[in-house]
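Visitor: Compute the structure for the input listed below.
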Amino acid sequence: MSPQVCRAGSLGGLLAVLLASACGPAHLTVNVRSPAGTNQGRPLFMVVRAVDSKKYLSETYSEVAAKVVAPDDSVIETAVVYPGGEKSLRVKIPDETSVAVSFLFTSPDGAWQALLDTPVPRSVDFDLLESRIRTNANTAARPSGQADAKDAKDAKAPDTKGLKLPEMKGKE
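Guide: Numbering: from 1, shown residues only. Okay, the predicted model is just below:
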């Protein structure tokens, strides 16, 4: 077989692999850095959800927190984040859907979630501060109305007594 035929065959195989991976399910890698003082040193839940951007803007902290105990179809993944480390979580996400990543602090003070609009990036980094988040993602900003701030300030973390805490997959 001539070298030209071999090259063409391997290029065709490479093209087939690239096309197959482009049509496969989308994944998002969520990287979380959580210093020891995060959430007053207590574990907190992270919730990854498929959302409509309009609904995202109207959801309250309490509504999102309730999804930890009673998840609905929008919940893609929940995980526990422990202060004092770094975690990485890879989740399969629906095509052409915005994704919200929410962190349920005991006493949130500022941004506690982010909307990743379509097209959703392959990865996003979150730095958790004591009671709020900072991210590198190009996220849709949530308006800072008084009702939203009051809800987050007055909200309590979900009651998880008797709920088995899942282990978070990824780096330890």
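
Visitor: Please name the bridge partners of Phe126.
Guide: Val32, Thr135 (DSSP bridges).

Visitor: Surely it touches Ala111?
Guide: No: Phe126 is beyond contact range of Ala111, at 10.1 Å (criterion: CB atoms under 8 Å). Bear in mind the C-beta positions are built from the backbone N, C-alpha and C, glycine included.

Visitor: Mutual contacts of these two, please.
Guide: Ile133, Arg134 (CB atoms under 8 Å, 6 or more residues apart in numbering).

Visitor: Just say helix, strand or coil for Ala111.
Guide: coil (DSSP: H, G, I helix; E, B strand; the rest coil).

Visitor: Got phi/psi on it?
Guide: phi -60, psi 130 (degrees, to the nearest 10).

Visitor: repeat for Val68
Guide: phi -70, psi -50.

Visitor: Distance of it relative to Arg134?
Guide: Val68 is 22 Å from Arg134, where distance means CB to CB, to the nearest Å.

Visitor: Which one's more surrounded, the two?
Guide: Val68 (20 against 13; other CB atoms under 10 Å).

Visitor: Would you confirm that that one contacts Val80?
Guide: No: using CB under 8 Å, Val68 makes no contact with Val80, being 9.8 Å away.

Visitor: Now the common contact residues for the two.
Guide: Between them, Val68 and Val80 share the contacting residues Phe45, judged by CB under 8 Å, 6+ apart.

Visitor: Going along the chain, name the strands of this structure.
Guide: 26-34, 44-51, 75-81, 85-93, 98-104, 113-116, 123-128, 133-135 (DSSP state E).

Visitor: Now do the fourth one against strand 123-128, angle only.
Guide: Read it as strand 85-93. 140 degrees (axes from the mean of the first three to the mean of the last three CA atoms, to 10 degrees).

Visitor: Could you export strand 85-93 as PDB, CA atoms only?
Guide: The C-alpha trace of strand 85-93 is given here as PDB (Å, rounded to 0.1, in the frame of the first residue of the first chain):
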ATOM      1  CA  GLY A  85      -9.400  21.500  49.600                       C
ATOM      2  CA  GLU A  86      -9.900  21.400  45.900                       C
ATOM      3  CA  LYS A  87     -12.400  19.300  44.100                       C
ATOM      4  CA  SER A  88     -13.200  18.500  40.400                       C
ATOM      5  CA  LEU A  89     -16.500  17.100  39.200                       C
ATOM      6  CA  ARG A  90     -17.300  16.100  35.600                       C
ATOM      7  CA  VAL A  91     -21.000  16.000  34.800                       C
ATOM      8  CA  LYS A  92     -22.900  15.100  31.600                       C
ATOM      9  CA  ILE A  93     -25.100  18.000  30.600                       C
END
